[in-house]
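Participant: coordinates only, no sequence provided:
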């Protein structure tokens with residue numbers, strides 16, 4: 001499956017209909033959740049689905065203004081959430097009951113199989129026809145490939161509306177050749193086994209002061225007033241800019257690695273454990289290692305690239321050249337082995353150890369590395385964003 005995300009430009013009347021549809025979907029979700037909570041025997045999704053016509057006729061006539069498939073997908077979402085909760089409980093997590101959705105906490109609804117159609121126009125915007133809502137202008141900045149399976153409408157905190165178009169098109173990326181190991185860190189974003197260093201863009205640090213001021217203004221507004229809503233959207237817009245900048249950087253970086261290597265080796269880090277009771281939790285979360293791994297995985301699957309995860313234990317402390325333990329504090333950014341004389345940066349040494357673990361090599365099988373500092377390729381975050389690849393930049397040349 002491949003998903004395309006496009007911006008919608010509804011009129012005031014269409015936006016009102018979208019909001020009403022969203023709120024009716026939220027009501028339906030909460031209604032059936034309450035019914036499930038009060039039931040001794042849990043009915044199947046299809047048994048509850050049969051109640052929808054009666055619900056429209058007797059209790060909530062407004063539901064007639066919502067396409068039938070949209071309401072059915074609300075039930076599917078409810079049962080999917082229940083299943084996820086049950087799986088978490090089986091895996092040992094402490095979970096409570098599924099929560100009711102308050103106003104503002106239900107943000108999407110789905111048209112599945114029918115009720116939608118894209119109409120091409122001679123202007124820059126096409127039209128997305130949605131049953132019971134109308135034809136909404138949509139800016140499709142790229143061509144949709146494959147058969148459309150469903151469309152998901154989403155209202156962002158900023159008030160903007162987007163549509164995600166899900167198709168059955170299988171996108172085939174091409175992978176490169178060779179093996180690389182990556183050490184993720186916060187001082188730089190990453191250092192790989194070939195000595196390439198990618199700068200940490202530190203998007204949160206860059207925007208944090210402005211965010212603080214906008215949130216401070218929000219606290220001075222009367223909750224529920226028009227001025228409060230306007231300021232809330234300004235704050236949401238700042239968070240949206242932060243999120244979009246991160247995603248752009250991570251998409252381009254992950255794609256570059258997938259296109260240049262056929263095997264990528266990473267540490268199997270537990271980000272939750274690293275952030276618990278840590279003074280560096282905010283920095284660890286800002287770099288979005290989990291999202292970077294997710295992007296690598298799904299791009300690698302399309303390209304046929306292999307992703308290998310290894311145990312992170314002692315990758316920093318062991319000398320990658322001779323295998324002796326060289327203890328370091330968190331602030332020690334260099335590696336200098338008193339046993340063999342190998343000198344490099346802390347992160348490059350770690351990347352070389354990750355490479356050894358990923359290839360399953362013993363000490364005797366590892367070729368000796370150059371004892372000079374190997375990390376002489378440094379690429380700024382802006383170069384990744386502008387060029388789209390850290391492997392073809394002026395800095396490298």
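Facilitator: Yes, it's here. Fair warning: this is a prediction, and the values are worked out from it, not measured in the lab.

Participant: what about the chain, any weak spots by pLDDT?
Facilitator: 171-173, 271, 273-281, 284, 361-378, 380-382, 385-387, 391-397 (pLDDT under 70).

Participant: chain center to stretch 22-34: distance?
Facilitator: How far stretch 22-34 lies from its chain's middle: 26 Å, per Cα atoms, centre = their mean, to the nearest Å.

Participant: neighbouring contacts of it?
Facilitator: 48, 55, 60, 62-63, 65-66, 70-71, 74-75, 77-78, 98, 100-101, 103, 105-109, 153, 155 (Cβ atoms under 8 Å, 6 or more residues apart in numbering). For glycine as for every other residue, the C-beta is placed from the backbone atoms N, C-alpha and C.

Participant: buried set for it?
Facilitator: Buried residues in stretch 22-34, counted by 16 or more other Cβ atoms under 10 Å: 22, 24, 25, 26, 27, 28, 29, 30, 31, 32, 33.

Participant: and of those residues, the nearest to residue 292?
Facilitator: Of all the buried residues of stretch 22-34, residue 22 has the smallest distance to residue 292: 31.5 Å, by Cβ to Cβ.

Participant: now that closest one: how far from residue 238?
Facilitator: 24 Å (Cβ to Cβ, to the nearest Å).

Participant: on that earlier part again, from the buried residues of stretch 22-34, which single one is nearest residue 210?
Facilitator: Closest approach between the buried residues of stretch 22-34 and residue 210, by Cβ to Cβ: residue 22, at 29.9 Å.

Participant: on the three-state scheme, the closest one is what?
Facilitator: Using DSSP: H, G, I helix; E, B strand; the rest coil, the structure places residue 22 in helix.

Participant: stretch 190-201: end-to-end distance?
Facilitator: One end of stretch 190-201 sits 11 Å from the other (Cα to Cα, to the nearest Å).

Participant: so which of the buried residues of stretch 22-34 belong to helices?
Facilitator: Under the assignment DSSP state H, these contribute 22, 24, 25, 26, 27, 28, 29, 30, 31, 32, 33 to helices.

Participant: I'd like the distance between the third one and residue 138.
Facilitator: What it means is residue 25. 20 Å.

Participant: most remote residue from the chain's center?
Facilitator: Distance from the C-alpha centroid of the chain peaks at residue 339, with 43.2 Å (Cα atoms, centre = their mean).

Participant: and residue 242, what does it touch?
Facilitator: Contacts for residue 242 (Cβ under 8 Å, 6+ apart) come out as 203, 204, 207, 211.

Participant: the second one contacts residue 245, doesn't it?
Facilitator: No - because the distance of 9.8 Å does not satisfy Cβ atoms under 8 Å, residue 204 is recorded as not touching residue 245.

Participant: can you tell me how far the residue most central in space within the chain is from residue 184?
Facilitator: For the chain, the residue nearest the mean C-alpha position is residue 291 (4.9 Å; Cα atoms, centre = their mean). If you measure residue 291 against residue 184 using Cβ to Cβ, the figure is 12 Å.

Participant: residue 150 too?
Facilitator: Using Cβ to Cβ, residue 150 is found at 35 Å from residue 184.

Participant: quick one: which of those two has more around it?
Facilitator: Per other Cβ atoms under 10 Å, whichever of residue 150 and residue 184 has more neighbours is residue 184, with 23 against 19.

Participant: tell me the one of the buried residues of stretch 22-34 nearest residue 1?
Facilitator: Using Cβ to Cβ, residue 25 comes nearest to residue 1 of these, at 22.4 Å.

Participant: quick one: residue 389 and residue 325, what's the gap?
Facilitator: Per Cβ to Cβ, residue 389 is found 37 Å from residue 325.

Participant: more crowded one of those two?
Facilitator: residue 389 (17 against 11).

Participant: which one is that one nearest to, not counting chain neighbours?
Facilitator: residue 256 (4.1 Å; Cβ to Cβ, 6 or more residues apart in numbering).

Participant: wait, that neighbour sits on residue 379?
Facilitator: No - in this structure, residue 256 is not within contact of residue 379 by Cβ under 8 Å, at 9.9 Å.

Participant: quickly list what's touching both of those two.
Facilitator: Listed as contacting both residue 256 and residue 379 by Cβ under 8 Å, 6+ apart are residue 390.

Participant: what are the buried residues along stretch 8-22?
Facilitator: For stretch 8-22, by 16+ other Cβ under 10 Å, it's 8, 10, 14, 15, 17, 18, 21, 22.

Participant: need the residues you listed in CSV (columns: secondary structure and distance to residue 260).
Facilitator: Formatted as CSV, those follow (DSSP: H, G, I helix; E, B strand; the rest coil; distance: Cβ to Cβ, whole Å):
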residue, secondary structure, distance to residue 260
8, strand, 36
10, coil, 42
14, helix, 45
15, helix, 44
17, helix, 47
18, helix, 42
21, helix, 45
22, helix, 43
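
Participant: between those residues, which sits nearest residue 354?
Facilitator: Comparing the buried residues of stretch 8-22 against residue 354 with Cβ to Cβ places residue 8 closest, at 43.5 Å.

Participant: which ones are touching the closest one?
Facilitator: By Cβ under 8 Å, 6+ apart, the contact set of residue 8 is 128, 136, 137, 138, 153, 160, 161, 162, 163.

Participant: now with 6 Å, please.
Facilitator: Neighbour list for residue 8: 136, 138, 161, 163 [criterion: Cβ atoms under 6 Å, 6 or more residues apart in numbering].

Participant: try residue 333
Facilitator: So residue 333 contacts residue 346 (Cβ under 6 Å, 6+ apart).

Participant: dihedrals phi and psi, it?
Facilitator: Main-chain torsions, residue 333, degrees, to the nearest 10: phi -100, psi 0.

Participant: distance-wise, check it relative to residue 178.
Facilitator: For residue 333, the distance to residue 178 - Cβ to Cβ - is 27 Å.
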